[in-house]
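Trainee: Okay, predicted coordinates and the sequence, questions at the end:
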Amino acid sequence: MGEGGYVAEFVSDVWVPLMKEIMNKGIKIVTNAGGMNPVACKNAIEKAAKDAGIAIPVVAAVTGDDLTGEFPDLVEKGVLKPFSVEGEEEDFAIVKRAPVLSCNAYLGAFPIAEALNRGAQIVVTGRCVDSALVLGPLIHEFGWKPQQLDLLAAGSVAGHLIECATQSTGGNFTDWQLSLANGWDNVGFPIAECKSDGSVVITKPANTGGLVSKGTVCEQMIYEILDPANYTLPDVNVDFTQVTLDELQPENNSGRVLVRGARGTSAPPMYKASIVIVEGWRIDGMMMIGGREAAAKAEATAKAIFSKVNTILKKRGMKPIEKYNYEILGAEHSYGPHSTKKDAREVIMRLCARHINKDALNIFAKEVAPAATAMAPAITGGGSGRPQPLPALGFRSCLVPRDLIKIQIHVGSSPAFDFVDPVVASSTSATSSDPVCVRPAAPAKAVQSNRIKVPLIALCHGRSGDKGDVCNIGIICRRKEHFELVKSQLTAERVKEYMGHLVKGQVVRYELPGTSSLNFVCTKALNGGGLNSMNMDRQGKCYAQMLLDFLIELPQENAKL
């Protein structure tokens with residue numbers, strides 16, 4: 001990290017090696033590498049150019065996202081609102097009593113556009129929505145206005161499609177062999193070719209690895225969007241439901257997908273903000289266990305370690321372990337009742353514990369290794385030594401009234417100026433999803449003798465991700481003629497039943513007819529989610545792959561798909 005928390009690697013690994021070529025070609029850059037200190041990042045970019053003896057670019061920094069200093073006052077005034085999904089609010093009370101390390105609002109695209117309008121060649125932001133890094137330049141280039149909501153939505157979709165590196169060009173793709181066939185050691189990063197009418201073509205550089213197809217682009221489109229008709233951003237609410245994807249004639253093996261049909265409505269009256277707090281201490285440890293009944297031995301060992309530690313803590317007058325979790329990696333532990341590897345002969349026992357007292361976890365750390373001589377046979381490989389307690393960081397989200405965010409733009413050597421938010425917000429806050437796309441579950445059909453069962457992956461592909469403790473599972477039909485069949489069987493109720501060992505809240509299903517897709521929003525699904533989670537898969541990255549094993553019935557005559 002650079003001074004004050006900016007991303008130093010952007011300066012050392014991107015700017016410095018490429019700055020001469022960037023300056024010679026007049027390339028413009030927009031980056032959120034400012035992190036916690038955009039101005040310091042701006043200064044570092046300028047200094048590197050000066051030290052190299054080249055022309056110093058006009059660099060702008062966008063500030064105002066950092067609310068850490070004002071946070072106690074905002075809490076005291078009661079103006080912050082809990083963030084909620086599907087009517088379920090996050091635990092916001094804890095931020096009033098736990099140490100707060102940071103609070104940052106997610107800014108939008110119009111400050112970026114204004115910095116470019118003022119002559120900036122490089123724009124550095126702190127916290128902002130990822131898609132704004134693309135929408136901002138489009139507003140600048142095409143002169144889009146705050147009232148042109150469909151265009152803002154289209155630009156946001158373009159940003160969303162390329163915001164996660166190579167996830168739209170073959171990375172994290174269900175049909176991974178198709179992407180691997182072109183090579184993963186030189187995967188091409190996505191390119192968005194945007195037009196003033198809002199249409200966009202997603203492609204990648206010629207002669208690079210990976211893959212651009214309807215499948216790769218659609219998986220990224222439905223990634224982490226919750227309600228697809230109401231994807232809330234600072235500049236616009238995006239409706240993905242009628243977006244269409246069309247493969248164009250490939251050029252130089254690059255692949256080209258045309259994206260159209262996004263719609264927009266007014267942005268909400270509040271910004272979303274992220275809060276990082278300290279919630280005591282946590283510790284993680286892993287050991288390998290081999291041989292017959294390895295999973296059973298690992299589970300018994302894990303339970304015994306926690307029981308032993310709590311006995312010691314009680315004798316010393318200390319509170320028991322407050323939260324703990326164990327996972328048997330290699331035995332499909334996260335698959336729960338769907339595991340087919342209970343007889344695995346080689347597993348990793350992963351232990352995770354949290355406590356308000358660091359000394360309690362030091363006791364825990366000392367009791368992990370002795371299990372190798374005191375408990376099950378064939379315990380080995382304690383990793384890189386005794387596990388060490390680390391601060392348990394927690395993540396929460398809240399909503400902040402727009403008029404309390406004071407954005408400033410620092411362009412070159414000119415004095416910073418206040419930025420007036422031009423976005424006309426709606427009068428209602430999108431704190432929970434509007435289930436306009438939810439469809440009632442179709443009654444389950446009885447099994448017929450002339451029907452067969454196939455795994456969902458034969459008909460669909462998918463991708464999953466997180467928003468706090470919420471997991472978003474997107475399922476995309478390979479052929480649009482399968483959409484009605486899949487809809488009739490993959491209901492919210494059946495997904496809840498199938499994933500119930502992980503999803504402790506509700507499952508809400510949304511439809512995206514334009515791409516023959518379904519989006520399942522699963523609440524209380526990640527054991528706290530993100531920094532708060534004690535799961536190995538704290539972001540739900542594997543959930544779609546699990547659901548793709550769900551069995552779908554179809555007529556015998558459709559056996560050849």
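Mentor: Cool, got the structure.

Trainee: Could you double-check that Asp359 sits in contact with Met318?
Mentor: Yes: counting by C-beta atoms under 8 Å, Asp359 does reach Met318; the two are 7.5 Å apart. C-betas here are computed from N, CA, C, even on glycine.

Trainee: Show me which of the two is the more surrounded one.
Mentor: Higher neighbour count among Asp359 and Met318: Met318, with 16 against 13, using other C-beta atoms under 10 Å.

Trainee: hang on, the more buried one is in a helix, isn't it?
Mentor: No: according to DSSP: H, G, I helix; E, B strand; the rest coil, the state of Met318 is coil, so it is not within a helix.

Trainee: need the contact list for it.
Mentor: Asn357, Asp359, Ala360 (C-beta atoms under 8 Å, 6 or more residues apart in numbering).

Trainee: What score does it have for pLDDT?
Mentor: Met318 carries a pLDDT value of 97.

Trainee: That one and Asn310, how far apart?
Mentor: The spacing between Met318 and Asn310, counted by C-beta to C-beta, to the nearest Å, is 9 Å.

Trainee: Name the residues of the helix ranked longest in the chain that are buried.
Mentor: Criterion DSSP state H: the longest helix present in the chain is helix 294-315. For helix 294-315, a neighbour-count test (16 or more other C-beta atoms under 10 Å) marks 294-299, 301-302, 305-306, 308-310, 313 as buried.

Trainee: picking that back up, identify the contacts common to Asp359 and Met318.
Mentor: By C-beta under 8 Å, 6+ apart, no residue touches both Asp359 and Met318.

Trainee: Among the contacts of Met318, name the ones in strands.
Mentor: The strands in this structure, assigned by DSSP state E, contain none of the contacts of Met318.

Trainee: Just give me the closest of those residues to Asn37.
Mentor: Nearest to Asn37 among these, counting by C-beta to C-beta, is Asn357 at 32.9 Å.

Trainee: isn't the closest one right up against Trp281?
Mentor: Yes: in this structure Asn357 lies within contact range of Trp281 using C-beta under 8 Å: 7.2 Å.

Trainee: Now Val205. Nearest residue, chain neighbours left out?
Mentor: Actually, residue 205 is Pro. It isn't Val. Among residues not flanking Pro205 along the chain, Gly188 sits closest, at 4.7 Å (C-beta to C-beta, 6 or more residues apart in numbering).

Trainee: Could you pull up the residues touching the one you found?
Mentor: Applying C-beta under 8 Å, 6+ apart, we find Gly188 in contact with Thr166, Thr169, Lys204, Pro205, Thr208, Gly209, Gly210, Val212, Ser254.

Trainee: can we see that at 10 Å?
Mentor: Listed by C-beta atoms under 10 Å, 6 or more residues apart in numbering, the contact set of Gly188 reads 166, 169-170, 182, 203-212, 253-255.

Trainee: In ChimeraX, how would I select just the buried ones from these?
Mentor: If you want just the buried ones from the contacts of Gly188 in ChimeraX, going by 16+ other C-beta under 10 Å, the selection is:
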select :166,169,170,182,203,204,208,209,210,211,212,254,255
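
Trainee: Among the contacts of Gly188, which lie within strands?
Mentor: Taking DSSP E as the definition of strands, those contribute Thr203.

Trainee: Quickly list what's touching both of Met318 and Asn310.
Mentor: By C-beta under 10 Å, 6+ apart, the residues touching both Met318 and Asn310 are Ala360, Ile363.

Trainee: Now Gly330: closest residue in space that isn't a chain neighbour?
Mentor: Closest to Gly330 by C-beta to C-beta, 6+ apart is Val347, at 3.9 Å.

Trainee: Taking helix 294-315 as reference, get the angle to whatever helix or strand that neighbour lives in.
Mentor: Counting by DSSP states H and E, the element that carries Val347 is strand 346-355. With axes from the mean of the first three to the mean of the last three C-alpha atoms, to 10 degrees applied, the angle from strand 346-355 to helix 294-315 works out at 20 degrees.

Trainee: in its sheet, what does strand 346-355 sit against?
Mentor: Strand 346-355 has its sheet partners listed here by DSSP bridges as strand 270-290 (antiparallel), strand 323-329 (antiparallel).

Trainee: List the buried residues for that strand?
Mentor: In strand 346-355, counting by 16+ other C-beta under 10 Å, buried: Val347, Ile348, Met349, Arg350, Leu351, Cys352, Ala353, Arg354, His355.

Trainee: just stretch 23-30 next, same as before
Mentor: By 16+ other C-beta under 10 Å, the buried positions in stretch 23-30 come out as Met23, Lys28, Ile29, Val30.

Trainee: mind listing what the residue nearest to the third one when sequence neighbours are not counted touches?
Mentor: Read that as Ile29. Closest residue to Ile29 apart from its sequence neighbours, by C-beta to C-beta, 6+ apart: Ile122 at 4.6 Å. The contact partners of Ile122, taken as C-beta under 10 Å, 6+ apart, are 15, 19, 22, 27-31, 41-42, 45-46, 49, 57-61, 115-116.

Trainee: tell me which residues form a beta bridge with Ile122?
Mentor: Ile29, Val59.

Trainee: Tell me the spacing between it and His338.
Mentor: In this structure, Ile122 and His338 are 49 Å apart, going by C-beta to C-beta.

Trainee: What is the least confident helix or strand in this structure?
Mentor: strand 88-89 (a mean of 90; mean pLDDT, DSSP states H and E).
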